[in-house]
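Visitor: Got a predicted model here, sequence first, then my questions.
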Amino acid sequence: MANTPSAKKATRKIARRTEVNKARRSRMRTFLRKVEEAITAGNKDAANEALKVAQPIIQRAAGHGIVHRNAASRKVSRLSNRIKALA
């Protein structure tokens, strides 16, 4: 357990950041799931719209360090390729 006041404060800060990061990660996954569902349903227009909404959220998560920049780009790229394959 933390003994010094600075260490106690650090644990409080970490707990707050963890909550924020969990919410951001959850939000990103929700939008990814919407794209996945549209792809699975075979609805190309809905999938495109869902990806347009999801892409900035994924990139924002990368900017905040929730996921790595390259991982975010890879997710967007793979989703767009799958949508392109629906044609």
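Guide: Nice, I can see it. Residues are numbered from 1 along each chain as shown.

Visitor: what about Arg33, distance to Arg17?
Guide: Separation of Arg33 from Arg17 (CB to CB, to the nearest Å) stands at 24 Å. Every C-beta, even on glycine, is put in place using the N, C-alpha and C of the backbone.

Visitor: element containing the residue lying closest to Arg82 once chain neighbours are set aside?
Guide: With sequence-adjacent residues excluded and distances taken as CB to CB, 6 or more residues apart in numbering, Arg82 is closest to Ile39, at 5.4 Å. Per DSSP states H and E, Ile39 falls inside helix 5-41.

Visitor: Which secondary structure elements does that helix sit against?
Guide: helix 44-63, helix 69-85 (3 or more CB pairs under 8 Å, 6 or more residues apart in numbering; DSSP states H and E).

Visitor: so which of those helices is the most packed in?
Guide: Highest mean neighbour count among the helices and strands packed on helix 5-41 (mean count of other CB atoms under 10 Å): helix 44-63, with a mean of 17.

Visitor: quick check: angle from that helix to helix 5-41?
Guide: Interaxial angle of helix 44-63 relative to helix 5-41 (axes from the mean of the first three to the mean of the last three CA atoms, to 10 degrees): 160 degrees.

Visitor: Please write out the alpha-carbon positions of helix 44-63 in CSV.
Guide: In CSV, the C-alpha atoms belonging to helix 44-63 read as follows (Å, rounded to 0.1, in the frame of the first residue of the first chain):
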residue,chain,number,x,y,z
LYS,A,44,-22.9,-2.2,-47.5
ASP,A,45,-24.5,1.2,-47.1
ALA,A,46,-25.1,0.8,-43.3
ALA,A,47,-21.6,-0.5,-42.9
ASN,A,48,-20.1,2.5,-44.7
GLU,A,49,-22.1,4.9,-42.6
ALA,A,50,-21.2,3.0,-39.4
LEU,A,51,-17.5,3.1,-40.4
LYS,A,52,-17.7,6.9,-41.1
VAL,A,53,-19.0,7.4,-37.6
ALA,A,54,-16.5,4.9,-36.0
GLN,A,55,-13.3,6.0,-37.7
PRO,A,56,-12.9,9.4,-35.9
ILE,A,57,-13.7,7.7,-32.6
ILE,A,58,-11.1,5.0,-33.2
GLN,A,59,-8.5,7.6,-34.2
ARG,A,60,-9.4,9.7,-31.1
ALA,A,61,-8.9,6.6,-28.9
ALA,A,62,-5.4,6.2,-30.5
GLY,A,63,-4.7,9.8,-29.8
